[in-house]
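K.L.:
I'd like to go over a predicted model; first the sequence, then the structure.
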Amino acid sequence: MNIKFVGNILGRILLLEALMLIPSTVIALVDADGTFRPFVGTISLLLIASASLYRITRDNESRRYYAQEGFITVGLAWIFLSLFGAMPFWFSGQVPSYIDAFFETVSGFTTTGASILTNVEGLSRSLLFWRSFTHWLGGMGILVFMLAIVPGGSDSSYSLHLMRAESPGPSVSKLTPRMKSTAMILYGLYFVLTVICLLLYLLGGMPLFEAFCHAFGTAGTGGFGVLNSSMAEYSPYIQWVTTIFMALFGVNFSVYFFIMIREYAAALLDEELRLYVGIMVISTALITFDINPLYGTIGESLRHAAFQVSTIMTTTGYATTDFDLWPSFSKTLLVLLMLLGASAGSTGGGLKMARVLLLIKTLKRNITQSLRPRAVRSILINKYPMDEQIVQNTNAYFSAYCILTAAAVLLISLDGNPFTTNITAAIACFNNIGPGLEMVGPTCNYAFFSPFSKLVLSAAMLLGRLEIFPILALFSKRAWNRAL
């Protein structure tokens, strides 16, 4: 394995994180809130680490870079980004425990939105900005961001392996012949949609600082807010804007690319998109009628139902109401939506609609083959046959997904918390959602968990965001074996 080249990319990522800390550092300087030195100290450590890695790896002549290097690079990059990103919270003393600071930072980068903060409004503006900005950076992918903006290497083989390891979904395809151009298109679309969301927030009267933080959280489908009540205190207009844009960011970005190049049929007839929209509309209608007795009008019921369905399906985690008080049917439906998640190639988490579609079609094919053993049938998605390797990878992913979620539930149950709390906390973290039910409901937080459970849930968030295999690769001897 080309360890030096992996180290070289890690050095670039740490340098990028140092640059991304500058806006928060400026806010700390302007506000004089006592966090300027913690931010400068963190930037200094990042620059030292980046320079050290560059010095160690600068004489590397080999450009050999395969899938194993891609998995190792992505897994290590996200862990180191979280370890360093936690330092401003810890150095400032506003989050006294480093494990708590690490949990909060992992939750930010993985766009989970689970928090250990009991008083969000007590955090300084500089830390609130950094906390929300991690959502935006992690939403589309930090290494994808690096590929989009860092000069050079546009034709390097490592680009495809990095993007495949970091991007969500059962498969990753290039929108253009070059991966760098694909990354630039993705982040260009991401940036434009974020700006539109920001402007609509400002038109609704949201203060500039809050608009930036919420635009980052909505775009990254993360869910960190600046108020203890999440989105409950904002106007119906702002809640509807958030509902719509959470749903938009949960769509596969290749759909927007097809619209951009005027291939409208390819966009609108996409099977994953139709499944995603269909589930969202039907779930919203069912919950609206189920919770209508709790609210004054059908309009208010629809607003809360649409918001919660959108925030759960896209794994954002904002809340306008305490859905833990809703009827059992609505809560059960929301938990099922937690498992499904958003579309592949979006900023949302969860199992992904593309995998759900593949699993359904695989089940249908297996039933047909059991009845007609000699029949040979391909699985078609958008009228194109799927590679059997992708089908096998999807089945393997689903198996690992179930096993690891069960393991997380078992491990955090050692704290002695209620079963519903444990299982929804594990599901919410693994699927990068944030709130669950009971003690981790939308009006609660994760502060009561033990340090061990917080580390388990942090690992679950990383496993969920990176789709399991880049993290598991770090513990594989074969991945580290130079002979392979």
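P.N.:
Arrived safely, thanks for sending. Numbers count the residues shown, from 1 in each chain.

K.L.:
wait, what's in contact with the residue lying closest to Thr443 once chain neighbours are set aside?
P.N.:
Leaving aside its chain neighbours, Thr443 sits nearest to Asp322 (5.1 Å; criterion: CB to CB, 6 or more residues apart in numbering). Quick note: C-beta positions are derived from backbone N, CA and C, even for glycine. Under the criterion of CB atoms under 8 Å, 6 or more residues apart in numbering, the neighbours of Asp322 are Gly441, Pro442, Thr443.

K.L.:
Now the last one: phi and psi?
P.N.:
Summarising the backbone geometry of Thr443 under the convention degrees, to the nearest 10, its torsions are phi -100, psi 10.

K.L.:
do the same with the first one
P.N.:
Listed backbone geometry of Gly441 is phi -70, psi 180, with angles given as degrees, to the nearest 10.

K.L.:
measure it to Gly113 for me?
P.N.:
From Gly441 over to Gly113 the distance is 13 Å, taken as CB to CB, to the nearest Å.

K.L.:
Wait, Leu302 touches Val281, no?
P.N.:
No: here Leu302 lies out of contact with Val281, judged by CB atoms under 8 Å, at a distance of 11.5 Å.

K.L.:
what about those two, which has more around it?
P.N.:
Leu302 (18 against 12; other CB atoms under 10 Å).

K.L.:
for the more buried one, what are its contacts?
P.N.:
When contacts are counted by CB under 8 Å, 6+ apart, Leu302 touches Thr284, Thr288.

K.L.:
which is the next helix or strand following the helix or strand harbouring it?
P.N.:
Element membership of Leu302 [criterion: DSSP states H and E] is helix 298-313. Using DSSP H and E, the helix or strand that follows helix 298-313 in sequence is helix 328-340.

K.L.:
Need the CA coordinates for that following helix. PDB is fine.
P.N.:
What follows is helix 328-340 as a C-alpha-only set of coordinates in PDB (Å, rounded to 0.1, in the frame of the first residue of the first chain):
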ATOM      1  CA  SER A 328     -47.900   5.400  18.400                       C
ATOM      2  CA  PHE A 329     -48.600   5.000  14.700                       C
ATOM      3  CA  SER A 330     -46.900   8.300  13.700                       C
ATOM      4  CA  LYS A 331     -43.900   7.600  15.900                       C
ATOM      5  CA  THR A 332     -43.500   4.100  14.500                       C
ATOM      6  CA  LEU A 333     -43.700   5.400  10.900                       C
ATOM      7  CA  LEU A 334     -41.000   8.000  11.700                       C
ATOM      8  CA  VAL A 335     -38.700   5.300  13.100                       C
ATOM      9  CA  LEU A 336     -39.200   3.300   9.800                       C
ATOM     10  CA  LEU A 337     -38.300   6.400   7.900                       C
ATOM     11  CA  MET A 338     -35.200   6.700   9.900                       C
ATOM     12  CA  LEU A 339     -34.000   3.400   8.500                       C
ATOM     13  CA  LEU A 340     -34.800   4.300   4.900                       C
END
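
K.L.:
A helix includes Asn445, no?
P.N.:
No: per DSSP: H, G, I helix; E, B strand; the rest coil, Asn445 lies outside any helix segment and is coil.

K.L.:
how far away is Glu263 from Asp270?
P.N.:
11 Å.

K.L.:
Looking at the two, which is more packed in?
P.N.:
Set side by side, Glu263 and Asp270 show unequal neighbour counts under other CB under 10 Å, the larger going to Asp270 at 22 against 12.

K.L.:
give me every residue that touches that one.
P.N.:
Neighbouring residues of Asp270 by CB under 8 Å, 6+ apart: Asn252, Val255, Phe258, Asn382.

K.L.:
ditto for Glu388
P.N.:
By CB under 8 Å, 6+ apart, Glu388 lies in contact with nothing.

K.L.:
measure it to Leu437 for me?
P.N.:
Per CB to CB, Glu388 is found 39 Å from Leu437.

K.L.:
Please apply the same query to Ser132.
P.N.:
For Ser132, the distance to Leu437 - CB to CB - is 25 Å.

K.L.:
more neighbours, those two?
P.N.:
Each of Ser132 and Leu437 has its neighbours counted (other CB under 10 Å); Ser132 has more, 26 against 23.

K.L.:
can I assume the more buried one is in contact with Gly223?
P.N.:
No: applying CB under 8 Å as the test, Ser132 and Gly223 come out as separate, 9.6 Å apart.

K.L.:
what is in contact with those two at once?
P.N.:
With contacts taken as CB under 8 Å, 6+ apart, the residues that reach both Ser132 and Gly223 are Gly217.

K.L.:
Show me the helices in the stretch 251-400 of the chain, by range?
P.N.:
Secondary structure of the stretch 251-400 of the chain (DSSP state H, counting those that start in this stretch): helices at 253-260, 264-268, 271-291, 298-313, 328-340, 353-371, 388-412.

K.L.:
Ile99: which of the ones you listed is closest?
P.N.:
Closest to Ile99 of the helices of the stretch 251-400 of the chain is helix 388-412 (CB to CB; 14.0 Å).

K.L.:
If we go by neighbour counts, what in that closest one is buried?
P.N.:
For helix 388-412, a neighbour-count test (16 or more other CB atoms under 10 Å) marks 390-391, 393-394, 397-398, 401, 404-405, 408-409, 411-412 as buried.

K.L.:
what about dumping the CA coordinates of the helix or strand just after it to PDB?
P.N.:
Per DSSP H and E, helix 388-412 leads on to helix 419-430 as the next helix or strand towards the C-terminus. In PDB, the C-alpha atoms belonging to helix 419-430 read as follows (Å, rounded to 0.1, in the frame of the first residue of the first chain):
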ATOM      1  CA  PHE A 419     -34.700  -0.100  25.400                       C
ATOM      2  CA  THR A 420     -36.500   2.400  23.300                       C
ATOM      3  CA  THR A 421     -33.900   5.100  24.100                       C
ATOM      4  CA  ASN A 422     -31.100   2.700  23.300                       C
ATOM      5  CA  ILE A 423     -32.400   1.400  20.000                       C
ATOM      6  CA  THR A 424     -33.500   4.800  18.700                       C
ATOM      7  CA  ALA A 425     -30.200   6.400  19.800                       C
ATOM      8  CA  ALA A 426     -28.300   3.700  17.900                       C
ATOM      9  CA  ILE A 427     -30.500   4.000  14.800                       C
ATOM     10  CA  ALA A 428     -30.400   7.800  14.900                       C
ATOM     11  CA  CYS A 429     -26.600   7.900  15.200                       C
ATOM     12  CA  PHE A 430     -25.900   5.100  12.600                       C
END
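
K.L.:
Check which helices and strands the following helix or strand past helix 419-430 is in contact with.
P.N.:
Remark: after helix 419-430, the chain's next helix or strand is helix 451-465, criterion DSSP H and E. Applying 3 or more CB pairs under 8 Å, 6 or more residues apart in numbering; DSSP states H and E, we find helix 451-465 packed against helix 67-85, helix 98-109, helix 388-412, helix 419-430, helix 469-473.
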